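Just a sequence and a predicted model for now, questions to come.
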Amino acid sequence: MVVGLGTGSTAKHAVDRIGELIQKGILSNIVCIPTSTRTQEQALSLQIPLSDLDSHPVVDLTIDGADEVDPHLNLVKGRGGSLLREKLIESASRKFVVVVDESKLVKYIGGSGLAMPVEVVPFCWKFNARRLEEVFGYAGCRAQLRRKGGGDNGNYIVDLYLERAIGDLKAASEAMMRMSGVVENGMFLDMATAVIVAGSGGITVKDKV
Ligand SMILES: O=C[C@H](O)[C@H](O)[C@H](O)COP(=O)(O)O
């Protein structure tokens, strides 16, 4: 089985558990693909066998956290800086299971008022930040360079803060990806197979319909 290993404080627990099951011999015949150098280091410390998409282009299952989950299971990811590698691996996954606590559930993408990350090349990042503000001006968009943690790929991350819903998410994502210098954006649309939500009332599983 080829398993994608997510990044962040939630996914860390899944990686720990996979490592434990491998060490106990309960899980075997498994190879894992980490979604960040941080997760790669954790996996190596747990002696989890690692691979990459070049060797294993189809991933059976990826488990990861998320920053926002909307009612259609669209996600915001990348507040920890790992969106590009995550999207590459999660797009190649047959099943993509997301684990969150209920604080991550939002009515609409951007609805938490927290950052929506966009990875851009360092060259002329201010120009691209201004263009992003213009493109999403109707949603009251403010763009801010994240000073810490440029991500795994040497790029910068610009955080977008939205006052209102951006409407057509697919069109918004496509508009960003048409901009030269934008490498990836933090909207993970129609990708999650299931979202496991931990809340005060216990655990619920939301399946893609
Ligand atoms: O870049 C970070 C990843 O997209 C994380 O999966 C996301 O930020 C959620 O992280 P956490 O589980 O720490 O809230």
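Received the coordinates, thanks.

C-alpha only now, for contacts and for neighbours.
Will do.

and this structure, what are its domains?
Per automatic domain parsing, the structural domains of the chain span 2-106+189-199, 116-183.

Look up how far the ligand lies from C124.
Taking C-alpha to the nearest ligand atom, to the nearest Å as the measure, C124 falls 23 Å from the ligand.

same question, L53
For L53, the distance to the ligand equals 18 Å [C-alpha to the nearest ligand atom].

Once you drop chain neighbours, what's closest to D159?
Leaving aside its sequence neighbours, D159 sits nearest to P117 (C-alpha to C-alpha, 6 or more residues apart in numbering; 4.5 Å).

now D16
L46 (7.4 Å).

Does the residue nearest to D159 touch G78 like I think?
Yes - P117 is within contact range of G78, at 6.0 Å (criterion: C-alpha atoms under 8 Å).

so what's in contact with those two at the same time?
Counting by C-alpha atoms under 8 Å, 6 or more residues apart in numbering, the common neighbours of P117 and G78 are G186.

Identify each buried residue in stretch 164-178, please.
For stretch 164-178, a neighbour-count test (16 or more other C-alpha atoms under 10 Å) marks 164-166, 169, 173, 176 as buried.

Please apply the same query to stretch 186-200.
Residues of stretch 186-200 classed as buried by neighbour count (16+ other C-alpha under 10 Å): 186-189, 191-198.

Tell me where the protein has helices.
Taking DSSP state H as the test, the helices found in the chain are 11-23, 37-45, 83-91, 125-135, 169-177.

Out of those helices, which is closest to D207?
helix 83-91 (16.4 Å; C-alpha to C-alpha).

quick check: angle from that closest one to helix 37-45?
Between helix 83-91 and helix 37-45, the angle comes out at 60 degrees (axes from the mean of the first three to the mean of the last three C-alpha atoms, to 10 degrees).

quick one: low-confidence ranges for this structure?
Judged by pLDDT under 70, the chain has its weakly predicted residues at 147-151.
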